[in-house]
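>>> sequence and predicted structure, then a few things I'm wondering about:
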Amino acid sequence: MDYTKGFGRNEKHVVVTITHLDADFIADFLNEFYAHRNHAGYLVVLLSPSELDNRMKLLLKIPLWSHRVLFIRGSALKDEDLERAQMAAASACFILSARNVQKKNATDEQTILRSWAVKDFSPNVPQYVQVFRPETKMHIEHAEIVICEDEFKYSLLANNCICPGISTFITLLMHTSRGEEGQKSTEPWHRMYGFHSGNEIYDIVVGESHHHIIQSSDRFYYVALTNEESLPSDKSGALKAIPGVLSTKPLEMPLRSMDSTEGSGSVRLARWRKRRKLLQKSKGISTSDVETLIVPNNEGNTLSQPPQDRSRKSSVGIVTGEVELESDTSSDSQEECEVCRQEGCFSEKIRKTYPPISAYIGTSATVCHMMKEKRKLCCLQIDKPCEHENFNNPKEYGWKNPAIIVAVDKTTSGFYNLILPLRAFYRPVHDLQPIILLLELEEGKSPQPAFLDVLAWFPMIYWMQGKISSLDNLLKAGICLAKHVILVKEATNLIEDSTLADCTTIITVQKIHRMFPNLKIISELTHASNMRFMQFDAYDSYALQQSKFEKKERKRGSNMPYMFRLPFAQGGVFSANMLDRLLYQAIVKTYLVDFLKLLLGIDQSNGSGYLTAITITSDDLWIKTYGRLYQKLCASVGDIPIGIYRTKAMDSNTVSIEVETAASLKNESFSGNDPKQTQRKMVALVKARMETLGMSTDDYSEETTNNKLKTLSYVIINPPRELELEAGDIVYVLRAPVKENARSNKINPRRGLRRSHNNISPNTALLTTYPEVRRSSTSISIPNSFNDNILTSSG
């Protein structure tokens, strides 16, 4: 039966072609598509050769969708079916692939034909295509937007090893939400985490300039709870008052330091007066405050600062205690390695260049840390010594950084996108972590020679044959020396109930977590609903309590009811199905796909920054708040914080549920078994296998398996400026671009946190969030409505 009643020729519509209709899949599309107010008048036409099951029929009968969604049974390869769907008059065509398919290569081939058929029938209709394999993109370059699942999936998993929890951060950022999740919860972290999940990426056209001068058509990207156009007039005006950010008129104000020495004295004096006026207008600063921040020198009409702060580079430096960067410049001339301090430094064996061999056609040109000389293929297999590297176990390699173990059941070209972020040229060379691939190959088999040729050019990448479920294979891969374990499953089990497709992954993760609880396990699941089984503990009352919150959020209509599950909140689990939302938003935010590719390191662009993380220590707490940290990093090194990954102890100050009950339940096991005794048996088993394999048990002891005080972790997108920093906070930062030949001290992510030894101006209190302190120090008032992180790009 075709649900085509009331289909008028003059109505705006988009066509969605898909081989198999799934109710959850279509519901996600409809929720995201109609979340944008401009799509309220559009019809969605579903074109599929499959019949509607009972759940799909119920979905199409819901009043919210019954007059918006039409179903036509047919194929995109037939012109008569495209004519029935009025493809030629469609505003857009979404060519999607069904979830949980077993043969992804064959599915991509069908997607290519459907895209070609639509292009042949309606060449002017923009296409938004979803594919699995990156090599498929070369056949559909005519599409408006192409989302490759493998590209984003592997790059997200890799970035999780650099920035913990970034997969959750990006997932929440891509989902349209109003930030209402968790607001009725009794848990403080629920309210903080849920409210800031409503942030999204927007852009504002301000100006186009090639001279680093803000013009009226520059495009700025910013993260906010709502787009600037939706703000009330008073709030919008407050935003536009910020000089050089949202002004609709060109500002002839170069983005340079306040102590610029170019031009004549009269020009500099006029520039100073203009900046004083802008500063007064935007921040509400009195004339005396401006004179304190920027003082004109009567000698030669040059700009000067207070005597104790003459070395600072800008007025913001006075506020933040800006670090003198001359030390970086002077240390840049040093030739010796400050990390190794010995002959034969590791950095002498590598260089920064483009990979000589690409994994597939259509790879982006990305500069990486590459070996000067290609490694021998025999040196890549970590569990078998060769004449070049006669090592019997991973410990003998002498790695200085913990390893990353990647367990996959089969090799794909998309794995190349996991390597790129971890070997990008802007990562400090001495921070590179070894990567060990644990491949489920048949005994005696090896990966394709072309795949090994790609790996041979990258430093510290190895492989071995084995299964992630085997303890011996894990020990041979160096799991005792690893910090992260990534589990990816490419093949789908042939079972009737598709929700059980993740059972092997879930049980394997549980086994590894019990034996190596300090490991950070990052796994991919087919179904997001299975997140509740990750690291399952029947005696953890708090974790089990999250199911109640999930049910409440689902009843309230949340698109992300699973977001409060602890494994997802901490970034330990990810589902590729979450990437679907990115394609649905691309019809409105055409820049979003390219922006995220640059952010995740899939692509590189000249002059663009990159994503990294900074860990806040007790020595950094002098900064006090997130707003001060933002000013500090922007002023000193040009970095832009975008979020926080916070870990807190599960005590009475953090959670409202008594966590002690979980411990008492553990001691009263229904089976009569003592959990501590079971843990001791596991320790004895691991040690016995290590001795059998000829490995030292020093790296694995009972102390490493003892669970400390339980913690919970979550991300905060675009935190408020008054949020107080805590020791252990991991701040996501967009680092300023660095040159390919930059030394390690130039790409040290913590260099912007160093405290100046000079006397900090009393104007430091300008950034305080406490009104009584601010009033006693200055007359500056910062608009409360401005809490947007501005991410700029030229053009």
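That came through fine.
>>> C-terminal to the one helix or strand residue 612 maps to, what's the next element?
Under the criterion of DSSP states H and E, residue 612 resides in strand 610-615. Toward the C-terminal end, the helix or strand that comes next after strand 610-615 (DSSP H and E) is helix 626-636.
>>> what packs against that next one?
Applying 3 or more Cβ pairs under 8 Å, 6 or more residues apart in numbering; DSSP states H and E, one finds that helix 626-636 makes contact with helix 315-320, strand 640-649. C-beta here means a position set from N, CA and C on the backbone, and glycine is covered the same way.
>>> mean pLDDT for the ones you listed: which is lowest?
The weakest mean pLDDT among the helices and strands packed on helix 626-636 belongs to helix 315-320, with a mean of 42.
>>> could you break the protein into its assigned domains?
Following automatic domain parsing, the chain resolves into domains at 13-143, 660-709.
>>> which of those sits most buried?
domain 13-143 (a mean of 18; mean count of other Cβ atoms under 10 Å).
>>> what residue ranges in this protein score low on pLDDT?
Within the chain, the set of residues satisfying pLDDT under 70 comprises 1-10, 206-344, 362, 491-498, 652-654, 656-675, 701-709, 740-749, 751-752, 754-795.
>>> distance of residue 559 relative to residue 582?
Remark: distance between residue 559 and residue 582 (Cβ to Cβ, to the nearest Å) = 14 Å.
>>> which of the two has more neighbours?
Set residue 559 next to residue 582 and count neighbours by other Cβ atoms under 10 Å: residue 582 wins out with 22 against 17.
>>> quick check: closest non-adjacent residue to the more buried one.
If you skip the residues right next to it in sequence, residue 582 has residue 174 as its closest partner in space, 5.1 Å away by Cβ to Cβ, 6 or more residues apart in numbering.
>>> number of nearby residues for the one you found?
For residue 174, using other Cβ under 10 Å, the count is 22.
>>> contacting residues around it?
Neighbouring residues of residue 174 by Cβ atoms under 8 Å, 6 or more residues apart in numbering: 578, 579, 581, 582, 585, 592, 596.
>>> so residue 499, which state does it fall into?
With DSSP: H, G, I helix; E, B strand; the rest coil as the basis, residue 499 sits in helix.
>>> rewinding a little: what's the strand holding residue 612 packed up against?
If you count contacts as 3+ Cβ pairs under 8 Å, 6+ apart, strand 610-615 packs onto helix 149-162, helix 592-600, strand 730-735.
>>> which elements pack onto the first one?
I take that to be helix 149-162. helix 166-174, helix 416-422, strand 482-488, strand 520-525, strand 573-575, helix 592-600, strand 610-615.
>>> now render the ones you listed as a markdown table, adding distance to residue 719.
Shown next, in a markdown table, are these (distance: least, Cβ to Cβ, whole Å):
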| stretch | distance to residue 719 |
| --- | --- |
| helix 166-174 | 12 |
| helix 416-422 | 24 |
| strand 482-488 | 25 |
| strand 520-525 | 23 |
| strand 573-575 | 23 |
| helix 592-600 | 18 |
| strand 610-615 | 14 |
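>>> of all those, which one comes closest to residue 86?
Between residue 86 and the helices and strands packed on helix 149-162, the shortest gap by Cβ to Cβ is with helix 592-600, which sits at 27.1 Å.
>>> distance of residue 710 relative to residue 647?
Where residue 647 is concerned, residue 710 sits at a distance of 11 Å (Cβ to Cβ).
>>> same check, this time on residue 577
27 Å.
>>> before we move on, back to that, if I look at the residue nearest to residue 582, how far off is residue 165?
According to Cβ to Cβ, residue 174 stands 15 Å off from residue 165.
>>> with residue 734 instead?
16 Å.
>>> so which of these two has more stuff around it?
residue 165 (26 against 20).
>>> which residues does that one contact?
569, 570, 571, 645, 713, 714, 715, 730.
>>> how about the third one, nearest residue that isn't a chain neighbour?
Looking back up the chat, that one is residue 571. residue 165 (3.2 Å).
>>> that neighbour and residue 626, how far apart?
17 Å.
>>> for residue 500, which of the helices and strands packed on helix 149-162 is the nearest?
Going by Cβ to Cβ, the one of the helices and strands packed on helix 149-162 nearest residue 500 is strand 520-525, 11.7 Å.
>>> mind listing what residue 567 touches?
531, 534, 535, 573.
>>> list the buried residues in the helix or strand hosting residue 189.
Here residue 189 sits within helix 188-196, counting by DSSP H and E. For helix 188-196, burial by neighbour count (16 or more other Cβ atoms under 10 Å) applies to 189, 190, 191, 192, 193, 194, 195, 196.
>>> count residues in the vicinity of residue 411, would you?
So residue 411, with other Cβ under 10 Å, has 19 neighbours.
>>> same check on residue 445?
Count around residue 445 with other Cβ under 10 Å applied: 8.
>>> name the nearest residue to it, ignoring sequence neighbours.
residue 465 (7.0 Å).
>>> give me phi/psi at that neighbour?
Dihedral pair for residue 465: phi -90, psi 130, per degrees, to the nearest 10.
>>> just residue 41 next, same as before
phi -90, psi 10.
>>> how about the contacts made by it?
So residue 41 contacts residue 12 (Cβ under 8 Å, 6+ apart).
>>> residue 170 and residue 153 touch, don't they?
No: using Cβ atoms under 8 Å, residue 170 is not in contact with residue 153, being 11.2 Å away.
>>> just the contacts of residue 567: which are in strands?
Of the positions in the contacts of residue 567, residue 573 sit in strands, assigned by DSSP state E.
>>> just give the closest residue to residue 352, not the sequence neighbours.
Once flanking residues are discounted, residue 352 sits nearest to residue 425: 4.3 Å by Cβ to Cβ, 6+ apart.
>>> burial check on that neighbour, number of neighbours?
Count around residue 425 with other Cβ under 10 Å applied: 22.
>>> all further residue positions should be reported with the first residue as 270.
Taking 270 as the first residue, the last one we looked at is residue 694.
>>> if I look at it, how far off is residue 639?
From residue 694 to residue 639 the distance is 9 Å (Cβ to Cβ).
>>> mutual contacts of the two, please.
residue 621.
>>> now do the SS call for the closest residue to residue 838 other than its chain neighbours.
What sits nearest to residue 838 in space, not counting adjacent residues and going by Cβ to Cβ, 6+ apart, is residue 983, at 4.4 Å. Here residue 983 is strand, with the state taken from three-state DSSP.
>>> what's the burial count for residue 983?
Residues near residue 983, counting by other Cβ under 10 Å, number 25.
>>> same thing with residue 778?
Neighbour tally, residue 778, other Cβ under 10 Å: 26.
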